[in-house]
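Student: Any chance you can model this:
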Amino acid sequence: QVQLVESGGGLVEAGGSLRLSCTASGHTYTIAWFRQAPGKDREFVTATINWSGARTYYSNSVKGRFTLTRDPNKRTIYLDMSNLKPDDTAVYYCAADRRSDSGAYYYSVAPYTYWGQGTQVTVSS
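Tutor: Coordinates of the predicted model:
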């Protein structure tokens, strides 16, 4: 069992920045951020596979504005969000899985066994 603890959400004006963090209690292979706005499905934001910078992926909606960084020694990933827009308002969830094949479908909720409790990000216009 792996527990994921998120922190860093809050309220920010459009154009502002926030940093989220997610710490895993044990080993993970794929670790990611998803988000869910009211009335919408949970959607992929970014993922890193096997803690490799070379295998980090972003959704088109956040590419160029969001950056995922990792600290394997602390089992922690960070999501630096800049130039935030009201459309970024959502609950952000950290997700992870231990299986090596979880990286093949990193953009889908299906492979992820472990989920954090979520942290609210609100961007005002």
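Student: rest of the way, CA atoms for contacts and neighbours
Tutor: Fine.
Student: so where's this protein shaky on pLDDT?
Tutor: In the prediction, the chain carries no residues with pLDDT under 70.
Student: Spatially central residue for it, please.
Tutor: Within the chain, the residue whose C-alpha comes closest to the C-alpha centroid is residue 33; the distance, by CA atoms, centre = their mean, is 1.7 Å.
Student: Could you pull up the residues touching that one?
Tutor: 44, 45, 46, 47, 92, 93, 94, 95 (CA atoms under 8 Å, 6 or more residues apart in numbering).
Student: Please apply the same query to residue 10.
Tutor: Each residue near residue 10 by CA under 8 Å, 6+ apart is listed here: 18, 120, 121, 122.
Student: which residues are in contact with the helix or strand hosting the third one?
Tutor: Pointing back at residue 121 there. Using DSSP states H and E, residue 121 sits in strand 119-124. Contacts with strand 119-124, where a contact means CA under 8 Å, 6+ apart, come from 6-14, 84-93.
Student: of those residues, buried ones?
Tutor: 6-7, 9, 12, 14, 84-85, 88-93 (16 or more other CA atoms under 10 Å).
Student: Parallel or antiparallel, which strands does the strand or helix carrying residue 95 pair with?
Tutor: Per DSSP H and E, residue 95 falls inside strand 90-97. Note on strand 90-97: by DSSP bridges, its sheet partners are strand 30-36 (antiparallel), strand 114-115 (antiparallel), strand 119-124 (antiparallel).
Student: possible to save the ones you listed as a markdown table with distance to residue 2?
Tutor: Formatted as a markdown table, the entries for the strands paired with strand 90-97 read as follows, by distance: least, CA to CA, whole Å:
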| stretch | distance to residue 2 |
| --- | --- |
| strand 30-36 | 11 |
| strand 114-115 | 6 |
| strand 119-124 | 18 |
